[in-house]
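**Student:** got a structure for you, letters missing:
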């Protein structure tokens, strides 16, 4: 039974050296060399056992570590920023702390390596409660170039990566953050506003519109429906594949608003690297406020902001 | 009963504007303007209900928020860095989420304001588990100037701020991070190595020596003993006030190693601002390895590395 000291030292020993770290993990804090003339982008996410995942045959600790970092990298992608470093804090159930800690870190390290992200440190704790993991990811972006959610403009087209719906069938654990796509788009296209879809396409697009003081008309026939959404609709009555695509969430796809000519150029670029990921025009930003669907006669009807939104309770 | 969206919006509305935030909290990530020609320092801590605190008459959520940020700021101080920003992730027990979330943020905001720290964002979650809070603090330091724990040199004197022991009587909830002291020392003195005492004076000094490949001889008569250590020793038999000072931990005082003339100059500066906090020479770094106490005849004897160190278990 190792001490926490020995366990953490063993974890630290697996971290590769990285020139961005002037002082690497293992001290009171890490010291980063930020890229010259870049802004620092920071995001934090917490995943809790029983809420965001249920450990079992279909969900290993490795996948939980991978997802924890993926969710944060998806946020960095949605800012048009380049991922640089990550720090991780965990509360490990005492009885399996060593195995859990090692597998979590392996899942994090695999995704970090794939995206050139340096692990800069962490805080490892044990308790008798469920597994909790908090990831703080740091990215960089040129001054003034971050993609904000509150800069959509009437006349923009709404462009989405990938396809939507049914992620709870398993895809939500194998999140592919759209970092490479974001980097390529940031380098070559004009983007007015962006968000990543975590809580549901309708809800998150609604948030972007609300923040921007604009409205949107979605072309529901154009919304890319994931095969998982069709499977999900087939296994439970009452919701169509489109309902799942609009409301399920945990898709971790990018939604961008762009000037029309830029949107068309981006969609036309698909099929050649790094645009193996399809991009689809799904609607148009208009003046006003609200979320609408285009009707067959070219008009619009209000669209419910479906998605995952917890009520926050307080004592009686 | 507000939605999570409304609750988070209400929390965000309380945050003051800060020129360091190019994009403030509320987007997918925050964008920071890092100080020109400075390094970025990053540290993360997680506090768990039942392990790090027990909510009750003596421990309000406000104090938990305050402590969570204080612990991270203490790490930034121990790097000789200036605190800049913080992001916070919380798992709130569902039944009291609103009250807990507001009070936690108020405790964080009070300490953040006192130290000029900008709140750059967070992740607010609810569940049926205990309260968990994770703080990631960002600081800045001139290139090459971070105080590392692995740079102690034989001949250095060991200098400690404040006094040690008995913090569990309540002081551990009212942590005063030594940020101002660190800033003044970084600006005016040569520091070779530094650490903050979280797990115990003996244990943390031992860690600094191990990292530096050096040994230390502590003058136990010089170790500043907090009145709480005397109270703690009086209420439970078997441990002296010195035992408490060496092993209790959660003091969050700075321990520095410095060239002798610098150490004497620092101690002599005490009594005038910002050095209301006393600094005391408690020992000397020597060649070799290990932790020793000076004996009456001028020799040395091994000193146990007492402190708080969890064993990490794994399933049978």
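**Tutor:** Thanks, I have it. These numbers were taken from a predicted model, which means no experiment stands behind them. Residues are numbered from 1 along each chain as shown, chains lettered A, B, ... in the order given.
**Student:** pLDDT below threshold where in the stretch 151-300 of chain A?
**Tutor:** The model of the stretch 151-300 of chain A has pLDDT under 70 over residues A:273.
**Student:** quick one: the strands in it, in order.
**Tutor:** All strands of the stretch 151-300 of chain A, identified by DSSP state E, counting those that start in this stretch, fall at A:157-161, A:193-196, A:215-218, A:254-258, A:279-286, A:290-294, A:300-302.
**Student:** and what of the stretch 1-150 of chain A?
**Tutor:** Going by DSSP E, counting those that start in this stretch, the stretch 1-150 of chain A shows strands at A:21-23, A:30-32, A:39-48, A:82-93, A:118-127, A:132-141.
**Student:** which of those strands is buried the deepest?
**Tutor:** Ranked by mean neighbour count under mean count of other CB atoms under 10 Å in any protein chain shown, those are led by strand A:132-141, which reaches a mean of 29. All C-beta spots, glycine's among them, are computed from the backbone N, C-alpha and C.
**Student:** the closest residue to residue A:58 other than its chain neighbours: how many residues sit nearby?
**Tutor:** Nearest-residue entry for residue A:58: residue A:170, 6.5 Å, with adjacent residues in sequence omitted and distances by CB to CB, 6 or more residues apart in numbering or on different chains. As a burial measure, residue A:170 scores 12 neighbours (other CB atoms under 10 Å in any protein chain shown).
**Student:** doesn't residue A:54 make contact with residue A:170?
**Tutor:** No: Residue A:170 is beyond contact range of residue A:54, at 11.9 Å (criterion: CB atoms under 8 Å).
**Student:** so for residue A:136, what's the nearest residue that isn't a sequence neighbour?
**Tutor:** residue B:136 (4.0 Å).
**Student:** let me see the contact set for the one you found.
**Tutor:** Contact analysis of residue B:136 by CB atoms under 8 Å, 6 or more residues apart in numbering or on different chains lists A:42, A:44, A:87, A:89, A:136, B:42-44, B:72, B:86-88.
**Student:** now, which of those residues sits nearest residue A:148?
**Tutor:** Of all the contacts of residue B:136, residue A:148 sits closest to residue A:42, with 14.7 Å by CB to CB.
**Student:** beta partners of that closest one?
**Tutor:** residue A:138, residue B:30 (DSSP bridges).
**Student:** show me what contacts it?
**Tutor:** Residue A:42 touches A:136-139, B:29-30, B:32, B:85, B:87, B:120-121, B:136, B:138, counting by CB under 8 Å, 6+ apart.
**Student:** try 6 Å
**Tutor:** Residues counted as contacts of residue A:42 (CB atoms under 6 Å, 6 or more residues apart in numbering or on different chains) are A:138, B:29-30, B:87, B:120.
**Student:** gap between it and residue B:225?
**Tutor:** For residue A:42, the distance to residue B:225 equals 40 Å [CB to CB, to the nearest Å].
**Student:** wait, which of the strands of the stretch 1-150 of chain A is closest to residue B:201?
**Tutor:** strand A:118-127 (20.5 Å).
**Student:** return the distance of that closest one from the chain's centre.
**Tutor:** Its chain's C-alpha centre and that of strand A:118-127 lie 21 Å apart, by CA atoms, centre = their mean, to the nearest Å.
**Student:** strand partners (parallel or antiparallel) of that strand?
**Tutor:** Here, using DSSP bridges, strand A:118-127 pairs with strand A:82-93 (parallel).
**Student:** any idea how far the partner strand is from the chain center?
**Tutor:** Centre to centre, stretch against its chain (CA atoms, centre = their mean), the figure for strand A:82-93 is 15 Å.
**Student:** cool, and stretch A:69-81?
**Tutor:** 5 Å.
**Student:** who's in contact with residue A:228?
**Tutor:** Residue A:228 neighbours (CB under 6 Å, 6+ apart): A:166, A:169, A:171.
**Student:** among the residues you listed, which are in helices?
**Tutor:** Counting by DSSP state H, the contacts of residue A:228 place none of their members in helices.
**Student:** which one (most neighbours) among those residues?
**Tutor:** In the contacts of residue A:228, the most neighbours by other CB under 10 Å go to residue A:166, 26 neighbours.
**Student:** what are the phi and psi values for that residue?
**Tutor:** Backbone torsions for residue A:166, taken as degrees, to the nearest 10, come to phi 80, psi 10.
**Student:** what parts of the stretch 101-250 of chain A come near chain B?
**Tutor:** A:120, A:123, A:125-127, A:129-130, A:132, A:134, A:136, A:146, A:148-149, A:196 (CB under 6 Å from any CB of the partner chain).
**Student:** report the two of these separated the most.
**Tutor:** Taking CB to CB, no two of these sit farther apart than A:126 and A:148, at 39.3 Å.
**Student:** so, low pLDDT: which residues of the stretch 1-150 of chain A?
**Tutor:** In the stretch 1-150 of chain A (pLDDT under 70), the answer is A:1-2.
**Student:** do you know how far residue A:292 is from residue A:216?
**Tutor:** 7 Å.
**Student:** oops, could you answer that again for residue A:98 instead?
**Tutor:** Distance from residue A:98 to residue A:216, by CB to CB: 49 Å.
**Student:** just to revisit the earlier point, switch the residues of the stretch 101-250 of chain A next to chain B over to a markdown table; also include distance to residue A:232.
**Tutor:** Output for these, formatted as a markdown table (distance: CB to CB, whole Å):
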| residue | distance to residue A:232 |
| --- | --- |
| A:120 | 38 |
| A:123 | 37 |
| A:125 | 36 |
| A:126 | 37 |
| A:127 | 35 |
| A:129 | 31 |
| A:130 | 26 |
| A:132 | 28 |
| A:134 | 29 |
| A:136 | 32 |
| A:146 | 34 |
| A:148 | 32 |
| A:149 | 27 |
| A:196 | 21 |
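**Student:** which residues are in contact with the residue most central in space within chain A?
**Tutor:** The geometric centre of chain A, computed from its C-alpha atoms, lies nearest to residue A:74 (CA atoms, centre = their mean), at 2.9 Å. By CB under 6 Å, 6+ apart, residue A:74 lies in contact with A:177, A:196, A:252.
**Student:** with adjacent residues omitted, what lies nearest to the first one?
**Tutor:** Which is residue A:177. Residue A:177's closest residue in space is residue A:73 (CB to CB, 6+ apart), at 3.7 Å.
**Student:** I'd say the one you found and residue A:176 touch.
**Tutor:** No: checked against CB atoms under 6 Å, the pair residue A:73 and residue A:176 is beyond contact range at 9.5 Å.
**Student:** look up the closest residue to residue A:118, ignoring the ones flanking it.
**Tutor:** In space, and not counting its chain neighbours, residue A:118 is closest to residue A:18: 3.8 Å by CB to CB, 6+ apart.
**Student:** helices along chain A, start to end?
**Tutor:** So, for chain A - with DSSP H - the helices run A:4-13, A:61-78, A:97-114, A:179-188, A:201-212, A:227-235, A:241-247, A:260-269.
**Student:** buried deepest among the ones you listed, which one?
**Tutor:** Note that of the helices of chain A, helix A:61-78 is the most buried (mean count of other CB under 10 Å), with a mean of 26.
**Student:** got the angle between that helix and strand A:82-93?
**Tutor:** If you take axes from the mean of the first three to the mean of the last three CA atoms, to 10 degrees, helix A:61-78 sits at 150 degrees to strand A:82-93.
**Student:** the domain parsing of chain A - what is it?
**Tutor:** Domain assignment for chain A, taken from automatic domain parsing, gives A:18-141, A:157-302.
**Student:** got these as TSV, with distance to residue B:238 columns?
**Tutor:** Listed next are the domains of chain A as TSV, based on distance: least, CB to CB, whole Å:
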stretch	distance to residue B:238
domain A:18-141	26
domain A:157-302	50
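**Student:** between the ones you listed, which one is closest to residue B:111.
**Tutor:** Nearest of the domains of chain A (CB to CB): domain A:18-141, 17.2 Å.
**Student:** pull the distance from that closest one to the chain's centre.
**Tutor:** For domain A:18-141 - counting by CA atoms, centre = their mean - the centre lies 13 Å from the chain centre.
**Student:** and that domain, how far apart are its ends?
**Tutor:** The straight-line separation of the ends of domain A:18-141 (CA to CA, to the nearest Å) is 19 Å.
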